[in-house]
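*Asks:* My questions are about this predicted structure, shown below with the sequence.
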Amino acid sequence: MRAAADAELQGDPQTALRHYESIARFTGSMHHRRLRLLAEVGDDAPGWLWARWLTVQARRPLWTGSESTGPDPALETALKVAYPHGIDLSHSDVLSLDVFVASLYERDWVTRQLIVYESGGLGHLVDELAGPRLLEHADQPAAWVSAPMGGYRLESDSAGGSLMLTDLADGQPVEILDLGLAMEHAPGTHLLGRLVPTRTPPGRMFEWRPLRVDPMTARKVAANPATWLEVVAEQAATGALPMMFSYLDDDTSMAFDIADRSWLGLLETDDIDRIPTTDGLIDYADVALAVLPRVLWVAEHSPEHLGAVRHYAEALLLEPGVCEEAREHFGGFSDVPAWRALAGVLREPARSRCLELARSQRDCSSPEGVESA
């Protein structure tokens with residue numbers, strides 16, 4: 001584990017992955033899947049994905065050098081702030097109490113904010129631990145460290161690769177990178193989050209999946225960002241924020257502002273019968289292979305219909321292992337036009353994966369004289 005951590009901090013996800021996968025019990029974990037994504041995307045990973053990876057590392061004690069085994073102050077604070085009336089017992093039907101508390105580190109929004117920002121986790125990582133290569137890859141990490149909390153209103157659905165927000169601090173419009181936020185939230189939704197710079201147009205984005213709140217909470221935080229924690233605590237205590245408001249029901253995708261594996265929304269009833277099982281369990285790569293033929297067909301023959309679910313299609317292509325399976329099952333020369341068409345609809349880094357598949361298939365199976373993609 002230490003070797004994996006050191007490789008991650010040096011910006012070498014491929015070496016880190018080899019060390020991490022040598023420990024069988026970690027296979028398939030959320031961290032394993034995020035690390036595998038970064039290793040597979042490689043040089044095509046945009047700077048913002050590396051920066052988000054830094055925020056993931058900032059929450060891992062082994063990575064940040066913390067050896068404390070006592071109560072976590074950030075978690076204790078989050079429980080007081082976000083759960084003043086206790087925990088909704090319906091969650092205990094699915095998770096034991098111990099597992100639920102452990103899941104707070106991944107799924108609780110307030111806990112993450114406290115560890116990464118208020119407790120200085122990201123700042124310590126950037127200033128003391130991260131290697132030069134990792135920092136060079138990441139989008140303006142120093143600016144991410146100092147990003148303030150804000151209150152915003154979502155104004156538009158996805159269009160042209162960006163979304164429009166209203167900054168409730170001054171009423172001004174803000175254009176941000178579209179990473180699927182409108183797939184989960186309708187225009188008019190109020191959000192808390194930190195806007196950060198990115199080299200990817202339009203130049204600003206949420207550092208992580210933002211939190212949906214009521215209008216009053218968003219306005220109060222926007223008016224005085226430094227007191228966001230006190231505002232959230234007050235709103236939770238009075239019932240303005242519902243129970244479990246800070247606990248996200250699904251893990252968050254590192255590459256999008258939506259739940260992990262949201263691409264399962266592309267699955268149709270007829271697909272289920274074609275998915276093989278082993279001891280009653282399914283492999284997500286097999287699920288992806290059931291969906292992918294339809295995505296490719298729509299991209300080639302009716303690309304305008306893919307726009308509404310573009311982020312699901314992108315997430316599908318970024319699912320670890322899917323490109324390996326796609327290369328094996330959709331590797332014919334006849335598939336090249338579909339991969340090219342899909343690349344024309346999707347954004348980076350999914351677009352590069354489509355072009356890579358088109359090139360590899362062409363090189364393996366095309367007749368001589370065919371022009372390159």
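*Replies:* Arrived safely. Just so we're clear, the structure is a prediction, and the values are computed from it rather than from any experiment. Residues are numbered from 1 along each chain as shown.

*Asks:* so where's this structure shaky on pLDDT?
*Replies:* Where the chain drops to pLDDT under 70, the residues are 61-71, 89, 91-95, 157-159, 361-373.

*Asks:* Let me see the domain layout of it.
*Replies:* Domains of the chain are assigned by automatic domain parsing as 68-238, 262-365.

*Asks:* Serialize these to TSV and add fields for distance to residue 50 and mean neighbour count.
*Replies:* Where C-beta positions appear, they are placed from N, C-alpha and C, glycine not excepted. Listed next are the domains of the chain as TSV, based on distance: least, C-beta to C-beta, whole Å; neighbours: other C-beta atoms under 10 Å:
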stretch	distance to residue 50	mean neighbour count
domain 68-238	4	17
domain 262-365	11	17
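
*Asks:* closest to residue 45 out of the ones you listed?
*Replies:* domain 262-365 (5.7 Å; C-beta to C-beta).

*Asks:* quick one, which of the domains of the chain is nearest to residue 245?
*Replies:* domain 68-238 (6.9 Å).

*Asks:* what sits up against stretch 275-295?
*Replies:* The contact list for stretch 275-295 (C-beta atoms under 8 Å, 6 or more residues apart in numbering) reads 261, 263-264, 266-268, 271-272, 274, 306, 313, 316, 319, 321-322, 325-326, 329-330, 342.

*Asks:* Tell me where the stretch 101-250 of the chain has helices.
*Replies:* Secondary structure of the stretch 101-250 of the chain (DSSP state H, counting those that start in this stretch): helices at 109-113, 121-124, 132-137, 141-145, 181-184, 215-223, 228-238.

*Asks:* right, and those - which one's nearest residue 302?
*Replies:* Proximity to residue 302, assessed across the helices of the stretch 101-250 of the chain by C-beta to C-beta, is greatest for helix 181-184 (19.8 Å).

*Asks:* and for that closest one, what are the contacting residues?
*Replies:* Here helix 181-184 has contacts from 154, 156-158, 163, 206, 209-210, 257-259, 262, 311-312, using C-beta under 8 Å, 6+ apart.

*Asks:* Of those, which belong to strands?
*Replies:* Among the contacts of helix 181-184, the members falling in strands are 154, 163, 206 (criterion: DSSP state E).

*Asks:* Let's have those residues in a markdown table, adding distance to residue 59.
*Replies:* Below are those laid out as a markdown table (distance: C-beta to C-beta, whole Å):
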| residue | distance to residue 59 |
| --- | --- |
| 154 | 26 |
| 163 | 26 |
| 206 | 17 |
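
*Asks:* and of those, the nearest to residue 112?
*Replies:* residue 206 (12.7 Å).

*Asks:* In contact with the closest one, which residues are there?
*Replies:* Residue 206 neighbours (C-beta under 8 Å, 6+ apart): 176, 179, 181, 193-196, 257.

*Asks:* Return the member of those residues nearest to residue 169.
*Replies:* Distances from residue 169 to the contacts of residue 206, taken by C-beta to C-beta, are shortest for residue 195, at 11.0 Å.

*Asks:* could you list every residue that touches that closest one?
*Replies:* 147, 150, 152, 174, 176, 204-207.

*Asks:* hmm, try it at 6 Å
*Replies:* With contacts defined as C-beta atoms under 6 Å, 6 or more residues apart in numbering, residue 195 is in contact with residue 204.

*Asks:* what about it, distance to residue 324?
*Replies:* Separation of residue 195 from residue 324 (C-beta to C-beta, to the nearest Å): 36 Å.

*Asks:* try residue 223
*Replies:* For residue 223, the distance to residue 324 (C-beta to C-beta) stands at 50 Å.

*Asks:* what do you get for residue 266?
*Replies:* Counting by C-beta to C-beta, the gap from residue 266 to residue 324 is 19 Å.

*Asks:* swap in residue 345?
*Replies:* In terms of C-beta to C-beta, residue 345 sits 22 Å off from residue 324.

*Asks:* of all the ones in strands among the contacts of helix 181-184, which comes closest to residue 44?
*Replies:* Of the ones in strands among the contacts of helix 181-184, the one sitting nearest to residue 44 (C-beta to C-beta) turns out to be residue 206, at 21.5 Å.

*Asks:* in the chain, which spans are strands?
*Replies:* Applying DSSP E to the chain gives strands spanning 150-154, 162-167, 172-177, 190-193, 195-197, 204-206, 211-213.

*Asks:* out of those, nearest to residue 60?
*Replies:* For residue 60, the closest of those is strand 195-197, at 20.3 Å, according to C-beta to C-beta.

*Asks:* Figure out how far the closest one is from the centre of its chain.
*Replies:* Relative to its chain's centre, strand 195-197 lies at 15 Å (C-alpha atoms, centre = their mean, to the nearest Å).

*Asks:* Partner strands of that strand and their direction?
*Replies:* For strand 195-197, the paired strands and their directions (DSSP bridges) are strand 204-206 (antiparallel).
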